[in-house]
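1. please find the sequence and the predicted model below.
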Amino acid sequence: MNIIYPPLVEQMYKFMHEIDKNVTKQDVYKKAIEANMIDQQGNPTKWAIEHGYIAEVPTAEEAQDKLNKINPTAIRNQVDNDLNTVFHRMPKSAFTWIESEGSYAINQQELKKAILSALKDGSLSSTGRQHWLEVLAKIKD
């Protein structure tokens with residue numbers, strides 16, 4: 001018999017299964033109820049939400065409203081601004097056209113200096129900060 005478990009149980013199971021390969025979804029479901037994390041329908045309990053163990057799950061309407069408020073043009077503009085913020089700190093000599101590739105190569109050390117400068121003075125958006133920190137982590141010394 002194939003039992004369909006509530007989404008919270010599935011999420012808990014994924015997490016727990018990485019720790020203990022022998023755990024079953026039924027085990028997770030029972031323990032979550034015993035621990036007062038979810039009710040028998042798999043919904044988070046008020047106690048679990050109030051104590052921060054489970055984030056309040058938005059309704060489908062709330063999730064759709066949040067999606068509708070996303071402005072793709074504003075996001076694109078912010079990404080462009082963050083990119084320009086870093087690249088404008090680099091000398092033109094840091095960009096080399098590679099004919100065979102049909103694209104530019106960027107000097108890693110100059111890029112690293114530009115990223116560190118932009119991070120230091122706080123001129124990047126929070127998303128841009130996260131992105132450029134990831135890029136910085138990939139640059140080899």
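-> Thanks, I have it.
2. how far does the least confident helix or strand in the chain by mean pLDDT sit from the chain's center?
-> For the chain, counting by mean pLDDT, DSSP states H and E, helix 60-68 ranks last in confidence among helices and strands (a mean of 75). Offset of helix 60-68 from its chain centre (CA atoms, centre = their mean, to the nearest Å): 19 Å.
3. where does the protein have low pLDDT?
-> Across the chain, the ranges flagged by pLDDT under 70 are 1, 57-59, 141.
4. can I get the longest helix along it in CSV? Just the C-alpha atoms.
-> Counting residues, the longest helix found in the chain (DSSP state H) is helix 72-87. Provided in CSV are the C-alpha atoms of helix 72-87 (Å, rounded to 0.1, in the frame of the first residue of the first chain):
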residue,chain,number,x,y,z
PRO,A,72,11.1,40.8,-12.8
THR,A,73,12.2,44.1,-14.3
ALA,A,74,13.3,45.4,-10.9
ILE,A,75,15.2,42.2,-10.2
ARG,A,76,16.9,42.4,-13.6
ASN,A,77,17.9,46.0,-12.9
GLN,A,78,19.3,45.2,-9.5
VAL,A,79,21.4,42.4,-11.0
ASP,A,80,22.7,44.8,-13.7
ASN,A,81,23.5,47.4,-11.1
ASP,A,82,25.4,44.9,-9.0
LEU,A,83,27.3,43.6,-12.0
ASN,A,84,28.2,47.2,-13.1
THR,A,85,29.2,48.1,-9.5
VAL,A,86,31.9,45.3,-9.6
PHE,A,87,33.0,45.7,-13.2
